[in-house]
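Q: based on what follows, work out the 3D shape:
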Amino acid sequence: MTDRDRLAQRFEAHREHLRAVALRMLGSTHEADDAVQEAWLRLNRADAAAVDNLGGWLTTVVARVCLDMLRARARRPEVLPGAAPDPEAVTSPEDEVLLADSVGLALLVVLDTLAPAERLAFVLHDMFGVPFDQIAPIVERSPDATRQLASRARRRVQRVGASPGSPKDHHAQLVKAFQAASREGNFEALLALLDPDAEFRADTADLPPRAPRPVRGAAGVADVFCGGVLGAQLALIDGELGLTWAPGGKPRVVFAFSTDGERVTAIDLIADPDHVASLEVALVPG
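A: Alright, predicted model coming up:
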């Protein structure tokens with residue numbers, strides 16, 4: 001066995017852990033695999049014999065790579081409503097099932113609203129038990145400041161109550177599925193997601209004459225949304241996942257969803273500027 005083969009064998013022993021870290025950091029299996037591959041390339045360029053704790057070294061490398069990817073993601077120009085999504089950024093249904101099972105979809109949604117350094121500190125410390133004094137050099141802060149980053153992230157997660165299998169998680173899955181079915185123009189899928197007595201309630205005061213009006217019944221609501229939210233993006237609305245139209249990153253119209261854990265029971269379109277301004281709306285990247 002060559003030295004490279006032995007190094008590859010040692011790396012493979014840590015691959016599952018590294019991928020788990022990257023998945024929770026990035027929320028994308030495609031990007032997580034890229035981060036793990038980059039760690040392997042950096043290991044090949046390093047003096048592996050001088051590394052005392054290979055697992056810790058690799059975790060640090062993956063964390064740094066993920067932090068760079070998150071920061072690059074945050075710097076991307078905003079995608080205009082209705083624009084085609086970046087194929088490289090799209091997560092497949094199979095990937096979403098994997099992520100939802102291992103983390104909880106609602107938690108992933110909350111993590112997407114955190115600043116990159118907050119997300120890294122929370123994931124490494126709270127999910128993988130990495131001490132703050134080891135995380136601090138990665139985010140270029142003191143251990144105390146790093147502890148504060150994780151604390152802020154933890155408060156947001158606790159406020160939303162995003163744990164796998166929780167009502168919040170079921171709600172998030174329904175909203176994401178509804179958004180996907182609407183964008184695809186899949187009327188049958190929308191019907192399956194809606195309660196038979198579902199309502200669409202619109203704040204008509206500030207809507208143009210051709211805007212949709214209140215509707216009751218799954219078929220009518222499905223007809224309103226079939227292909228009708230192409231420009232809307234996911235957002236946390238007072239801690240609940242919903243949709244918003246936010247040109248220039250400023251929410252102008254909000255779609256607040258009510259669910260019973262199995263189906264969507266009501267959708268409220270909120271367009272009154274004062275009402276929208278009174279809501280805590282956090283856009284979810286992607």
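Q: ok, residue 71 to residue 131 distance?
A: In this view, residue 71 and residue 131 are 23 Å apart by CB to CB, to the nearest Å. Bear in mind the C-beta positions are built from the backbone N, C-alpha and C, glycine included.
Q: break down the stretch 101-250 of the chain into its helices, ranges please.
A: Taking DSSP state H, counting those that start in this stretch as the criterion, the stretch 101-250 of the chain contains helices spanning 105-111, 116-122, 128, 132-139, 143-160, 167-184, 187-193, 218-225.
Q: need the winner for burial among those helices.
A: For those, average neighbour numbers computed from mean count of other CB atoms under 10 Å are highest in helix 105-111, which has a mean of 26.
Q: report all helices and strands that it contacts.
A: Here helix 105-111 touches helix 93-102, helix 143-160, helix 167-184, strand 233-237, going by 3 or more CB pairs under 8 Å, 6 or more residues apart in numbering; DSSP states H and E.
Q: could you give the mean pLDDT of the first one?
A: The average of the pLDDT scores along helix 93-102 is 49.
Q: just to revisit the earlier point, out of the helices and strands packed on helix 105-111, nearest to residue 214?
A: Shortest separation from residue 214 across the helices and strands packed on helix 105-111 is recorded for helix 167-184, at 17.9 Å, computed as CB to CB.
Q: what angle separates the closest one from strand 233-237?
A: Using axes from the mean of the first three to the mean of the last three CA atoms, to 10 degrees, the direction of helix 167-184 lies 150 degrees away from that of strand 233-237.
Q: what angle sits between helix 167-184 and helix 143-160?
A: Computed by the same axes, to 10 degrees, the angle between helix 167-184 and helix 143-160 is 80 degrees.
Q: and helix 167-184, what other elements does it pack with?
A: Identification of packing neighbours for helix 167-184 by 3+ CB pairs under 8 Å, 6+ apart yields helix 93-102, helix 105-111, helix 187-193, strand 233-237, strand 240-245, strand 253-259, strand 264-270.
Q: give me the distance from it to the chain's centre.
A: Helix 167-184 sits 13 Å away from the centroid of its parent chain (CA atoms, centre = their mean, to the nearest Å).
Q: and it, C-alpha only, in CSV?
A: The C-alpha atoms that make up helix 167-184 are tabulated as CSV, following Å, rounded to 0.1, in the frame of the first residue of the first chain:
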residue,chain,number,x,y,z
PRO,A,167,-45.2,21.1,14.0
LYS,A,168,-42.9,23.8,12.7
ASP,A,169,-41.1,21.3,10.6
HIS,A,170,-44.3,19.9,9.1
HIS,A,171,-45.4,23.5,8.4
ALA,A,172,-42.2,24.2,6.6
GLN,A,173,-42.4,21.1,4.5
LEU,A,174,-46.0,22.0,3.5
VAL,A,175,-45.0,25.5,2.5
LYS,A,176,-42.0,24.4,0.5
ALA,A,177,-44.0,21.7,-1.3
PHE,A,178,-46.8,24.3,-2.0
GLN,A,179,-44.3,26.7,-3.5
ALA,A,180,-42.8,24.0,-5.7
ALA,A,181,-46.2,22.8,-6.9
SER,A,182,-47.3,26.4,-7.7
ARG,A,183,-44.1,27.2,-9.6
GLU,A,184,-44.5,23.9,-11.6
